[in-house]
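>>> build me a model from this:
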Amino acid sequence: MRKLELAISAIGQRVIDGTEGLGRTALLFGEMLAWLPLPPYRFRLLFQAMEFVGVGSLFIVALTGLFTGAVFALQGAGAFRLFNAESLVGSTVALSLARELSPVLTGLMVTGRAGSGIATELGTMRVTEQIDALQTMAVNPVQYLLVPRFIAGLIMVPALSVLFTLVGMCGAYFVGVVLLHIDQGVFLSKTRWFVDPDDLTSGLIKACVFGGILTFIGCYKGYYAAGGARGVGIATTQSVVYSSVVILIADYFLTLLMFE
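From the prediction side, this is the model:
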């Protein structure tokens, strides 16, 4: 009987903690949205956040895009060769990159690098009472710390997604045309024929949503970190895990809405 009571109590506590977490998330997100259009506008902080999220992620995103396009072209050529349809390699890779691979993989790469960094930085500020010091000086920490990072994610992740697509197509071109000797004219013409502007637009919309997701979760976990260095580490780990899972879930529903 005692074990049953403990089990029920544990389940109830998890439900309470989950409900409190959802409420706190909604309140923080609403407060952040409310501060978005309001002055003062701290452009220096915004540019610093854009540099951290975007410029700092250029290499890892470009490298991932290059080999993603190359591998996908190699696998696609092997599959299409069974049907004598190697000419579709370029268009297939371009559609896959523009619609799915570029926004999703860019979001995951930026999550691992910038999202974790945001959670660590804000978590360190929280446990060392720097955020409390901002409040003491009548500076709203949500506007000062969270809003610039959130805007940077909305701007820079779509830009990185475009870079991912461009570099990925370069990798696919090298593998398809140079290594596998697919006709260059056919490769390029099929790509232009099958890829529409709507495909690129849908990828940019997804990347924008993913940028908002990863920066907000990183900010949320860091902002409410507790427990010293161990708490900061837990917040950073949870930021990466939750952001990755939410990005994949959001990708499914966005795809359902855009291509149904």
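
>>> most centrally placed residue in the protein?
By Cα atoms, centre = their mean, the chain has its centre lying nearest to residue 107, at 2.5 Å.

>>> find the nearest non-adjacent residue to it, please.
Sequence neighbours aside, residue 210 is the residue nearest to residue 107 in space, at 3.5 Å (criterion: Cβ to Cβ, 6 or more residues apart in numbering). (C-beta placed from N, C-alpha, C; glycine too.)

>>> ok, that neighbour touching residue 102?
No. Counting by Cβ atoms under 8 Å, residue 210 does not reach residue 102; the two are 10.5 Å apart.

>>> what about these two, which has more around it?
When neighbours are counted by other Cβ atoms under 10 Å, residue 210 and residue 102 differ, and residue 102 comes out ahead with 32 against 29.

>>> where does residue 54 fall, phi/psi-wise?
Main-chain torsions, residue 54, degrees, to the nearest 10: phi -90, psi -60.

>>> wait, what's in contact with the residue nearest to residue 107?
Residues in contact with residue 210 (Cβ atoms under 8 Å, 6 or more residues apart in numbering) are 103, 104, 106, 107, 157, 247, 250, 251.

>>> now render these as a markdown table, adding secondary structure, pLDDT and distance to residue 38.
Output for the contacts of residue 210, formatted as a markdown table (DSSP: H, G, I helix; E, B strand; the rest coil; pLDDT from 0 to 100; distance: Cβ to Cβ, whole Å):
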| residue | secondary structure | pLDDT | distance to residue 38 |
| --- | --- | --- | --- |
| 103 | helix | 97 | 30 |
| 104 | helix | 97 | 33 |
| 106 | helix | 98 | 30 |
| 107 | helix | 97 | 28 |
| 157 | helix | 98 | 24 |
| 247 | helix | 98 | 28 |
| 250 | helix | 97 | 27 |
| 251 | helix | 97 | 32 |
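
>>> just name the closest of the residues you listed to residue 16, please.
Nearest to residue 16 among the contacts of residue 210, counting by Cβ to Cβ, is residue 250 at 26.3 Å.

>>> ok, that closest one - how many residues close by?
Neighbour number of residue 250 under other Cβ under 10 Å is 17.

>>> use 19 as the first number from now on
From this message on, residue numbering opens at 19, which makes the last subject residue 268.

>>> wait, what's in contact with it?
Applying Cβ under 8 Å, 6+ apart to residue 268 gives the contacts 224, 227, 228, 231.

>>> nearest residue to the first one in space, please, no chain neighbours.
Right, the one you point to is residue 224. With sequence-adjacent residues excluded and distances taken as Cβ to Cβ, 6+ apart, residue 224 is closest to residue 121, at 3.9 Å.

>>> would you confirm that the one you found contacts residue 218?
No. Checked against Cβ under 8 Å, the pair residue 121 and residue 218 is beyond contact range at 10.6 Å.

>>> just to revisit the earlier point, now, which of the contacts of residue 268 lie within helices?
Taking DSSP state H, the ones among these that sit in helices are 224, 227, 228, 231.

>>> name the element the closest residue to the last one other than its chain neighbours belongs to?
Think residue 231. Counting by Cβ to Cβ, 6+ apart, residue 231 lies nearest to residue 264, which is 5.4 Å off, once chain neighbours are set aside. Residue 264 is part of helix 246-277 when elements are defined by DSSP states H and E.

>>> burial count for residue 242?
Using other Cβ under 10 Å, residue 242 is surrounded by 16 other residues.

>>> sorry, slip of the keys, the one I care about is residue 91.
Residue 91 has 27 neighbouring residues, counting by other Cβ under 10 Å.

>>> what's the closest non-adjacent residue to it?
Excluding its sequence neighbours, the residue lying closest to residue 91 (Cβ to Cβ, 6+ apart) is residue 190, at 3.8 Å.

>>> after whatever helix or strand residue 96 lives in, next one along is what?
Taking DSSP H and E as the criterion, residue 96 maps to helix 76-98. Later in the chain than helix 76-98, the nearest helix or strand by DSSP H and E is helix 107-114.
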